[in-house]
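Participant: This is a predicted model, with the sequence first.
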There are 4 protein chains.
Amino acid sequence: MTFRIDMKVRDYECDIQGIVNNSVYFNYLEHARHEFLLAQGVDFAALARDKINLVVLRSELDYKASLMPGDHFYVTVEVVRESRLKFAFVQNVYRSADDKVALQAKVIGTAVNAKGRPFVAKELETLIT
Amino acid sequence: MTFRIDMKVRDYECDIQGIVNNSVYFNYLEHARHEFLLAQGVDFAALARDKINLVVLRSELDYKASLMPGDHFYVTVEVVRESRLKFAFVQNVYRSADDKVALQAKVIGTAVNAKGRPFVAKELETLIT
Amino acid sequence: MTFRIDMKVRDYECDIQGIVNNSVYFNYLEHARHEFLLAQGVDFAALARDKINLVVLRSELDYKASLMPGDHFYVTVEVVRESRLKFAFVQNVYRSADDKVALQAKVIGTAVNAKGRPFVAKELETLIT
Amino acid sequence: MTFRIDMKVRDYECDIQGIVNNSVYFNYLEHARHEFLLAQGVDFAALARDKINLVVLRSELDYKASLMPGDHFYVTVEVVRESRLKFAFVQNVYRSADDKVALQAKVIGTAVNAKGRPFVAKELETLIT
């Protein structure tokens, strides 16, 4: 079953155009990924304290519709293996009122150890579907 | 009954000290105020579109304890009249796990019309307890 | 000549991993684009007030190296036509100390009028190289 | 001589009211404080890595005028001793065009060691005027 988290636009996330600022979607996506990972027993913050960093290598975002102040929305998360060391998060943002897609994203990441070298984190192995 | 909104710390809100950045509490407080107003029928975003701006004149924040990644917390909101044109939001942030106070705040604001002049917004009159 | 803007990492832009948060690069890129546009006589904020919105349709970001607290860096901006209604900003972020690429980005956008319809903004025509 | 740092409003820092969001002034103030400290040889980020945290205990902000997209401004910083363990940063934000005060702030902080206890950081002693 696809992971999903429900959120609501906060006014301070909107810019002078009166819509959610583009950069904020990356916050939404990150929060959804971390909640997804946490639900699988992978704690981003705890890993960071242990100098194991989950890092983003590439992101592709397609903006389909603008979220507005007060909009309820939800973010879905799926993860697929991209290569031996890389995994890809496929994430969509939907406006709750009509399930309209607001954003489609693919975020490719890897795990990096204390020396900054990518490695296969066993914690993540089990996430790959 | 005191208004209350439940939230959760998002990892991106935390800084290099590993705790919620000081400025983020202001986001939390603003979001709680706007949700409080919305629950009373006062829509900050809609007012802004009509060139009626609710503005902050002064804020006093006392930091009591740091929120950490993953912490659940809640923000309370009460409003009192400060003077004829000014109202004060008394807001507290509590960590949910133990109801410990993380932040105590007083935020004084007023309503400003399209010409930038403070006025008594009838929408706000009914909020004053 | 390629447009370039010099900036410096601010501590609050860094997260619990001790590096600039991924979403903040979107802020850097947006600011650089707007400064680029302004240098060409296109004022994003003034356009927004006139209900002409420059919107992002797609962004592709490749993270190459992490910026750290205190790092000086610069962002370059070039714009190319993507189609009749779309233009693409090719943007790189470089660490100033060694000119190392921190981020490579392609941001595709269009101009949208008050009715939300894409159109060819004459202000942007002259930007295309 | 009072420390001063020059900055410029970035469009993404502005909200649906078309002005700099209230919380962003905290970012400006923090950045100015850290640059002030750095100029005195006190590196906030390096201290954080050593588990010595400079923390804010209380902030008082008086909003006098709104900064707008594109505004140039500067932030001044002075530090005075508040008590044996506390120091106060007196900070003002001025719009550059006319030196009009946009914000007046007093930010009270202390140094906290790895065990979370306030202490007299010798690095800070020399800052007190």
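Facilitator: Perfect, thanks for sending it.
Participant: Which strands or helices does whichever strand in chain A runs longest pack on?
Facilitator: With secondary structure taken from DSSP state E, chain A has its longest strand at strand A:100-112. Applying 3 or more C-beta pairs under 8 Å, 6 or more residues apart in numbering or on different chains; DSSP states H and E, we find strand A:100-112 packed against helix A:22-39, strand A:53-63, strand A:87-95, strand A:118-119. Backbone N, C-alpha and C define where each C-beta goes, glycine included.
Participant: in the longest one, what counts as buried?
Facilitator: Put plainly, it is helix A:22-39. Residues A:22-38 are the ones in helix A:22-39 that count as buried (16 or more other C-beta atoms under 10 Å in any protein chain shown).
Participant: Next: stretch A:71-79.
Facilitator: Using 16+ other C-beta under 10 Å as the test for burial, stretch A:71-79 gives A:71, A:73, A:74, A:75, A:77, A:79.
Participant: Identify the residues contacting the helix or strand containing the third one?
Facilitator: Yep, that's residue A:74 we're talking about. Using DSSP states H and E, the element containing residue A:74 is strand A:72-81. For strand A:72-81, the surrounding residues in contact (C-beta atoms under 8 Å, 6 or more residues apart in numbering or on different chains) are A:2-9, A:28-29, A:31-33, A:36, A:67, A:87-97, A:102, A:127-129.
Participant: still on that earlier bit, ok, of the helices and strands packed on strand A:100-112, where does mean pLDDT dip lowest?
Facilitator: Lowest mean pLDDT within those: strand A:118-119, at a mean of 82.
Participant: Return the per-residue confidence for residue A:15.
Facilitator: pLDDT, residue A:15: 95.
Participant: and the residue nearest to the spatial centre of chain A, what is it in contact with?
Facilitator: For chain A, residue A:29 is the residue whose C-alpha lies nearest the centre (C-alpha atoms, centre = their mean; 3.1 Å). Residue A:29 makes contact with A:59, A:61, A:75, A:89, A:91, A:93, A:103, A:105, A:107, according to C-beta under 8 Å, 6+ apart.
Participant: Just give the number of residues close to residue A:20.
Facilitator: Residue A:20 has 25 neighbours, counted by other C-beta atoms under 10 Å in any protein chain shown.
Participant: Please tell me how far it sits from residue A:69.
Facilitator: From residue A:20 across to residue A:69, the span is 8 Å (C-beta to C-beta, to the nearest Å).
Participant: Please apply the same query to residue A:105.
Facilitator: Distance, residue A:105 to residue A:69, using C-beta to C-beta: 22 Å.
Participant: for residue A:121, same thing?
Facilitator: The gap separating residue A:121 from residue A:69 is 38 Å, by C-beta to C-beta.
Participant: Compare those two (neighbour count), which wins?
Facilitator: residue A:69 (24 against 18).
Participant: Who are the contact partners of the more buried one?
Facilitator: By C-beta under 8 Å, 6+ apart, the contact list for residue A:69 reads A:9, A:11, A:14, A:18, B:44, B:45, D:16.
Participant: Filter those down to the buried ones, PyMOL style.
Facilitator: Buried subset of these, written as a PyMOL selection, criterion 16+ other C-beta under 10 Å:
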select buried, (chain A and resi 9+11+14+18) or (chain B and resi 44+45) or (chain D and resi 16)
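Participant: Between the contacts of residue A:69, which sits nearest chain C?
Facilitator: Distance to chain C across those (C-beta to the nearest C-beta) is lowest for residue A:18, with 8.3 Å.
Participant: Which of the three states applies to that closest one?
Facilitator: With DSSP: H, G, I helix; E, B strand; the rest coil as the basis, residue A:18 sits in coil.
Participant: who's in contact with it?
Facilitator: Going by C-beta under 8 Å, 6+ apart, residue A:18 touches A:68, A:69, B:45, B:48, B:49, D:16.
Participant: Which residue is the nearest non-sequential neighbour of residue A:34?
Facilitator: Of all residues not flanking residue A:34 in the chain, residue A:44 sits nearest, at 4.7 Å (C-beta to C-beta, 6 or more residues apart in numbering or on different chains).
Participant: got a pLDDT number for the one you found?
Facilitator: As predicted, residue A:44 sits at a pLDDT of 89.
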